[in-house]
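Peer 1: Structural data only, the sequence is not supplied:
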DNA sequence: GATTTATGCAACCATAAGGTTGCATAAATT
DNA sequence: AATTTATGCAACCTTATGGTTGCATAAATC
């Protein structure tokens, strides 16, 4: 899922969806300097990573952000950081107990 | 930087460094099914993303985690999530005020 | 001084990633 | 019914990416 976030275009798409609204492929690609197909492929990647949800409405395909999945990424970061800080704490103890 | 995290091998390296210790290229590659050179390349990527710090000690090159940079990634996620929740709040208001 | 041991540099390779184009299909419009 | 408009499918292209191998260098160890 970090891989899915590791592309500027896809980060941009998520940004556009971060207001909670649902948008079609055409809408999401509006203004971008790439073809509609390229946008569709990026959305497929985001879908595969569970970052967006796909619903059909008439002839349109609408995408919405799936923010629960972002929490997953955050949890991983939190875990690494907290483990690091735990060690930092032990290191502080060590230093402070030096004669 | 999400791109740097978007590789299983590199995530593993960060995991190994998350205890705050410093390790050489050989140490970090120990147990991995890839060559030392491949490990060195991954560490270069992590270095480029600011996720690790490089110091020389004798003939060894030691790497340590740079957790401040992880916070950056977290901030981005927080921002997207909070914007989404803001909208969710407005949506709740809307629903609750329906007759 | 000779030999390990830890890296760096560079060329090379296969596959994946991001992108394009052309054509087909399906739902709205006119 | 004819035409837009929104997608999907598939082939194709170029460049990055993750990986390897061979050789050079520099610091420890014998």
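Peer 2: Perfect, I can see it now. A quick note: this is a predicted structure, and the numbers were derived from the prediction, not measured. Residues are numbered from 1 along each chain as shown, chains lettered A, B, ... in the order given.
Peer 1: C-alpha only now, for contacts and for neighbours.
Peer 2: Noted.
Peer 1: hang on, residue A:19 packs against residue B:84?
Peer 2: Yes: with contact defined as CA atoms under 8 Å, residue A:19 counts as touching residue B:84 (5.1 Å).
Peer 1: Which positions in chain A make contact with DNA strand C?
Peer 2: A:6-7, A:9, A:33-39, A:42, A:57-59 (CA under 7 Å from any atom of the strand).
Peer 1: rerun that using 6 Å as the cut-off
Peer 2: Within chain A, the positions adjacent to DNA strand C are A:7, A:34, A:35, A:37, A:38, A:58, A:59 by CA under 6 Å from any atom of the strand.
Peer 1: Contacts only, for the third one.
Peer 2: With contact set as CA atoms under 8 Å, 6 or more residues apart in numbering or on different chains, residue A:35 has these partners: residue A:29.
Peer 1: do you know how far it is from residue B:51?
Peer 2: According to CA to CA, to the nearest Å, residue A:35 and residue B:51 sit 33 Å apart.
Peer 1: The fifth one now?
Peer 2: According to CA to CA, residue A:38 and residue B:51 sit 30 Å apart.
Peer 1: cool, residue A:33 as well?
Peer 2: Taking CA to CA, one finds residue A:33 at 30 Å from residue B:51.
Peer 1: more crowded one of residue A:38 and residue B:51?
Peer 2: It is residue B:51, of residue A:38 and residue B:51, that has more neighbours when counted by other CA atoms under 10 Å in any protein chain shown, with 22 against 13.
Peer 1: Quick check: the residue nearest to that one when sequence neighbours are not counted vs residue B:21, distance?
Peer 2: In space, and not counting its chain neighbours, residue B:51 is closest to residue B:66: 5.1 Å by CA to CA, 6 or more residues apart in numbering or on different chains. Distance of residue B:66 to residue B:21, computed by CA to CA: 11 Å.
Peer 1: what about these two, which has more around it?
Peer 2: residue B:66 (21 against 14).
Peer 1: Chain A against DNA strand D: which residues are in contact?
Peer 2: A:24, A:25, A:26, A:37, A:40, A:59, A:60, A:61, A:62.
Peer 1: Mark which of those residues are buried, thanks.
Peer 2: Taking 16 or more other CA atoms under 10 Å in any protein chain shown as the criterion, what is buried in the residues of chain A next to DNA strand D is A:24, A:25, A:26, A:40, A:62.
Peer 1: Any part of the helix ranked longest in chain A near chain B?
Peer 2: Counting residues, the longest helix found in chain A (DSSP state H) is helix A:67-96. Yes: judged by CA under 8 Å from any CA of the partner chain, helix A:67-96 and chain B are in contact via A:67, A:70, A:71, A:74, A:77, A:80, A:81, A:83, A:84, A:87, A:88.
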